[in-house]
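Enquirer: my questions concern the predicted model and sequence given below.
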Amino acid sequence: MKTFFRRRKANKLAEDILKQSQHLRNIREDLMRETDLKKLIESEETLKEAIRGRDPVAVENASESLFAFLNKVIPSGRPTALAENFEILIVAVVVAMGFRTYFIQPFKIPTGSMEPTLNGIHSDAHTNPTIMDQVPLKYLKWIVFGEWYMEIRIREDGVLGDRAETTPDETSMYVYVGNVRYKIPRGARPRVFPGTLMKKGAILWSGKVTTGDHVFVDKVRWNFSRPKRGQVMVFLTKNIQSLPENTHYIKRLIGLPNESISINPPNILINGKIVNEPEGIRRISQQAPGYSGYTIPYSYAGTANFISSSNEVRKLGPADFFVLGDNTGNSRDGRYWGAVPEKNTIGPAVLVYWPYSQRWGRIN
């Protein structure tokens, strides 16, 4: 019995330490030395193996080893921690003001698929930081506008390769200088061309990174009323073919159950008729400034799109919804993978609460 409780306690502690280690890798792996990153991953695997072995002594020893290494590599500076955890602080303040997470769910826009209605994480390259990018004003700039000046410097001499990989969250990409991997904002261009030799300390990229819009999602409304065309909605990707499992997406609701959907650029057709209502749909189809209208999606080799041409009509099921991004030229949406089951819907996005910009406030 004593062994059982000891093992249970050791496993709980080990799981907490593993979470901290994985969190550290998620936010700092592009800044860690290759040797430290390799040792961290090896320590995690050793601890996981000890847990599977069900030996509490081995789990405790592996936990102590990983914990000691984490203390060694965790940065001590406060500015980075403040920047990385500010989103959590925002949510905590809102909760303290009386919002409850089971009524209102915060959500961060990761990509540009809803631009210009809602902005995802984006960057602007420049080499001359202003006074607002200096301590302490840079923290105020982050708190109000969600903007942060950053420089990514080379840690070891090497040649910039031509390989680039998008991160799983699609907000950044990895590039390689020699054998060292660096994370830079998605769409950013290094200062030099591939094949250039870069010395330790040289700047790979510098510029302003702006966080994606943070919105509130009303999780209660659709318990008392039906979803309406034109609402910006958040849904779960569970069991939707070709999408990552159990991820949240945000798109605009276009098609309702039992309707027929087709696209005749720049218009969307419902049951054979052009739809220009409500306002959120009209400004896209009429190509208001910043919008390009509804388009036929690109075709990728080996894949079949839900809608492939202007002649194709798709009928929705009795519990299906059809959604599109407002930035249809850069949105992987229902045109590619089809309908969203009603059981996957979370609720309408109703308010941009951070950062402050021209989009701040009620979402239309």
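Expert: Received it, and whenever you're ready, just let me know what you need.

Enquirer: any idea how far Phe107 is from the residue lying closest to Ile104 once chain neighbours are set aside?
Expert: Excluding its sequence neighbours, the residue lying closest to Ile104 (CB to CB, 6 or more residues apart in numbering) is Phe216, at 5.0 Å. C-beta: built from backbone N, CA, C; applies to glycine. Distance of Phe216 to Phe107, given as CB to CB, to the nearest Å: 8 Å.

Enquirer: overlap in contacts, the two.
Expert: Common contacts of Phe216 and Phe107, defined by CB atoms under 8 Å, 6 or more residues apart in numbering, comprise Ala349.

Enquirer: and this structure, what are its domain boundaries?
Expert: The chain breaks down into these domains under automatic domain parsing: 2-76, 123-207, 214-362.

Enquirer: dihedrals phi and psi, Lys228?
Expert: The phi/psi pair for Lys228 (degrees, to the nearest 10) reads phi -120, psi 150.

Enquirer: which residues does it contact?
Expert: Leu253.

Enquirer: kindly report the same for the one 3 residues further on.
Expert: For Gln231, the contacting residues are Arg252, Leu253, Gly280, Pro348, taking CB under 8 Å, 6+ apart as the criterion.

Enquirer: tell me the pLDDT at the residue nearest to Ile104?
Expert: Looking at Phe216, its pLDDT stands at 93.

Enquirer: okay, and the beta partners of it?
Expert: Pro106, Leu351 (DSSP bridges).

Enquirer: state the distance from it to Lys108.
Expert: 11 Å.

Enquirer: which of the two has more neighbours?
Expert: Between Phe216 and Lys108, counting by other CB atoms under 10 Å, Phe216 is the more crowded of the two (20 against 17).

Enquirer: what sits against the most centrally placed residue in the chain?
Expert: By CA atoms, centre = their mean, the chain has its centre lying nearest to Pro110, at 3.5 Å. Neighbouring residues of Pro110 by CB under 8 Å, 6+ apart: Gly120, Ile121, Asp169, Glu170, Thr171, Gly212.

Enquirer: which SSE is the fourth one in?
Expert: The one in question is Glu170. Counting by DSSP states H and E, there is no helix or strand that carries Glu170.

Enquirer: so it sits against Thr111, correct?
Expert: Yes - taking CB atoms under 8 Å as the definition, Glu170 is a contact partner of Thr111 at 5.3 Å.

Enquirer: tell me which of those two has more neighbours.
Expert: Thr111 (23 against 16).

Enquirer: doesn't the more buried one belong to a strand?
Expert: No - using DSSP: H, G, I helix; E, B strand; the rest coil, the assignment for Thr111 is coil, not a strand.

Enquirer: skipping adjacent residues, who's closest to it in space?
Expert: Gly120 (4.2 Å).

Enquirer: contacts only, for that neighbour.
Expert: Contacts for Gly120 were tallied using CB under 8 Å, 6+ apart; they are Ile109, Pro110, Thr111, Gly112, Ser113, Met114, Thr171, Gly212, Asp213.

Enquirer: re earlier: so the residue nearest to Ile104 sits against Pro348, correct?
Expert: No - using CB under 8 Å, Phe216 is not in contact with Pro348, being 9.8 Å away.

Enquirer: confidence score at Thr101?
Expert: 54.

Enquirer: repeat that for Leu31.
Expert: pLDDT, Leu31: 67.

Enquirer: by mean pLDDT, which helix or strand of this structure comes out lowest?
Expert: Ranking every helix and strand in the chain by mean pLDDT, DSSP states H and E puts helix 78-96 at the bottom, with a mean of 56.

Enquirer: buried residues, the strand or helix carrying Ile254. List them.
Expert: Taking DSSP H and E as the criterion, Ile254 maps to strand 248-255. Of the residues in strand 248-255, Tyr249, Ile250, Lys251, Arg252, Leu253, Ile254, Gly255 count as buried by neighbour count, 16 or more other CB atoms under 10 Å.

Enquirer: export those to JSON lines and tack on pLDDT and distance to Lys208?
Expert: Listed next are these as JSON lines, based on pLDDT from 0 to 100; distance: CB to CB, whole Å:
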{"residue": "Tyr249", "pLDDT": "94", "distance to Lys208": "26"}
{"residue": "Ile250", "pLDDT": "95", "distance to Lys208": "24"}
{"residue": "Lys251", "pLDDT": "97", "distance to Lys208": "27"}
{"residue": "Arg252", "pLDDT": "97", "distance to Lys208": "28"}
{"residue": "Leu253", "pLDDT": "97", "distance to Lys208": "33"}
{"residue": "Ile254", "pLDDT": "97", "distance to Lys208": "34"}
{"residue": "Gly255", "pLDDT": "96", "distance to Lys208": "38"}
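
Enquirer: farthest pair in these?
Expert: Largest separation among those by CB to CB: Ile250 and Gly255, giving 16.5 Å.
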